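Novice: generate coordinates for the sequence data below:
(chains A, B, C and D)
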Number of protein chains: 2
Amino acid sequence: MSTAAAPPAGRGRGRPARYTREDLLELVVQVFNERGYEAASMEDLARASGLTKSTFYHHVSSKEELLGMAVDRALGALTAVFDEELAPATARPVDRLQNALRRTTEVLLAELPYVTLLLRVRGNTAVERSALARRRAFDDQLAVLVRDAADAGEIRDDIDPRLVSRLLFGMVNSVTQWYRPESRTARPQIVRAVVQLALTGLGGAPAGQAAAH
Amino acid sequence: MSTAAAPPAGRGRGRPARYTREDLLELVVQVFNERGYEAASMEDLARASGLTKSTFYHHVSSKEELLGMAVDRALGALTAVFDEELAPATARPVDRLQNALRRTTEVLLAELPYVTLLLRVRGNTAVERSALARRRAFDDQLAVLVRDAADAGEIRDDIDPRLVSRLLFGMVNSVTQWYRPESRTARPQIVRAVVQLALTGLGGAPAGQAAAH
DNA sequence: GCACTTACCGACCGAACGGTCGGTAAATTA
DNA sequence: TAATTTACCGACCGTTCGGTCGGTAAGTGC
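Specialist: Predicted coordinates for the structure are as follows:
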């Protein structure tokens, strides 16, 4: 998927481009995550692409556009989790919640740099505020899953569902802060750990039984 | 040069200061967290204090120094968790781990702005890299607690202890991303939720039983 | 060949950055 | 009162920022 020096896909007239926009975005997001969005200068981004700043501007229109493209990709991948079946209404709420935990973790790992950048957005510009709003809507959808499972008596009800949602998906999101693709920790192992810790915590599961207390 | 550098707390001569350094730091850290450290200009920080930029520089020496003071405070409060007894060696490892979860969450809430800033440090400067190193050492101490509990057979052993540590304390740290002091969610409620979710997950505890699987 | 399109670059711009400096006003001590 | 110390400020400095511009080289289609 992530080939560094891809052949320039030679259609079109004029001189062939060194990178596609997607390749460029991947390089750029990496620099954003290493240095931080604000701290990364357009000079840094251009140099990471092997271009001069002015040539770089020939391919992209602004720094903020790059941020927008990156967070759009992250948000698109995340919200797609809800567009999937996600076990529509047939499954028990607790199963839908478990699926959401698993799928969001998988998406986070698959789109790691983009999700990482999204989770660091502060809200200084219009693009960032829009991303924050979309992210909040996504979080709200997740919270509904938790509340449904609590209302159905399928998970513990002694903690505010909103609080449960924030903590569990906060745990999921925290993966961006340490996971590196070249790490030895395999992705399925991480996904399994997240789901198991979320369901049964440190104690582990005795069997498939969700106590309603 | 005649006197020995009038101590800041020591009521010197001259015009009385509007703020103590601690007050100033609190305001500054708030702006750092709102705008992001890199995006916050010294002009912003000064204005938040009701001072001009040049006057502001009369009280602090540099932007980086402010960051250093803030992360020092966060790291000091966090590492103090280990300097406390933390149920020294008398308690079972799982109890020490539970205490660490509870205490780190409490410290995070008590020193919220400083810990928030610490958790966002990237490593662009010497001060930031030093903070990252100290934070890593702290995380390593937490990981040891998890490993000890796993070795003692007091928590599940089907997940890599290091992974468990990252996920659980990632959950703790995620509180910085949504908690606001004026929120209606009381701090003890959050602390309890963190500990309970960590111990027993969504299923909840039937009784005092730490299954060894 | 030529026209056209595109990739590329050096030089540059105004604005904002972190930080400095010379000087003034106010409070304290003597 | 005078001396001293500190808080405070307007003006400024060198650098870097995001972004622009005019022009050139290299491919493609005719």
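Novice: contacts and neighbour counts: CA atoms only from here.
Specialist: Noted.
Novice: and the longest helix anywhere in chain A, what does it pack onto?
Specialist: Ranked by residue count under DSSP state H, the longest helix found in chain A is helix A:126-151. Counting contacts by 3 or more CA pairs under 8 Å, 6 or more residues apart in numbering or on different chains; DSSP states H and E, helix A:126-151 is packed against helix A:63-83, helix A:93-110, helix A:161-173.
Novice: mean neighbour count and mean pLDDT added to these, as CSV?
Specialist: Shown next, in CSV, are the helices and strands packed on helix A:126-151 (neighbours: other CA atoms under 10 Å in any protein chain shown; pLDDT from 0 to 100):
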stretch, mean neighbour count, mean pLDDT
helix A:63-83, 18, 97
helix A:93-110, 21, 97
helix A:161-173, 22, 98
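Novice: right, so of the ones you listed, which gets closest to chain B?
Specialist: Closest approach to chain B among the helices and strands packed on helix A:126-151 (CA to the nearest CA): helix A:161-173, 4.1 Å.
Novice: please identify the buried residues of the helix or strand following the closest one?
Specialist: Sequence-wise, the next helix or strand downstream of helix A:161-173 (DSSP states H and E) is helix A:187-200. Buried positions in helix A:187-200, judged by neighbour count with 16 or more other CA atoms under 10 Å in any protein chain shown: A:187, A:190, A:191, A:193, A:194, A:195, A:196, A:197, A:198, A:199, A:200.
Novice: tell me how far the fourth one lies from residue B:107.
Specialist: Distance of residue A:193 to residue B:107, computed by CA to CA, to the nearest Å: 26 Å.
Novice: before we move on, what about the first one?
Specialist: Distance check for residue A:187 against residue B:107: by CA to CA, it reads 31 Å.
Novice: also the fifth one?
Specialist: Between residue A:194 and residue B:107 the computed distance is 25 Å (CA to CA).
Novice: closest residue of chain A to DNA strand C?
Specialist: Going by CA to the nearest atom of the strand, DNA strand C is nearest to residue A:14 of chain A, at 2.8 Å.
Novice: how far off helix A:63-83 does the helix or strand where residue A:27 lies point, in degrees?
Specialist: Using DSSP H and E, residue A:27 falls within helix A:21-35. Angle, helix A:21-35 to helix A:63-83, by axes from the mean of the first three to the mean of the last three CA atoms, to 10 degrees: 100 degrees.
Novice: say whether chain B is contacted by helix A:21-35.
Specialist: Yes: contact of helix A:21-35 with chain B (CA under 8 Å from any CA of the partner chain) involves A:34, A:35.
Novice: next one: that helix, is it in contact with DNA strand D?
Specialist: No: Helix A:21-35 lies out of reach of DNA strand D by CA under 7 Å from any atom of the strand, never closer than 10.1 Å.
Novice: quick check, pLDDT for residue A:122.
Specialist: pLDDT for residue A:122: 95.
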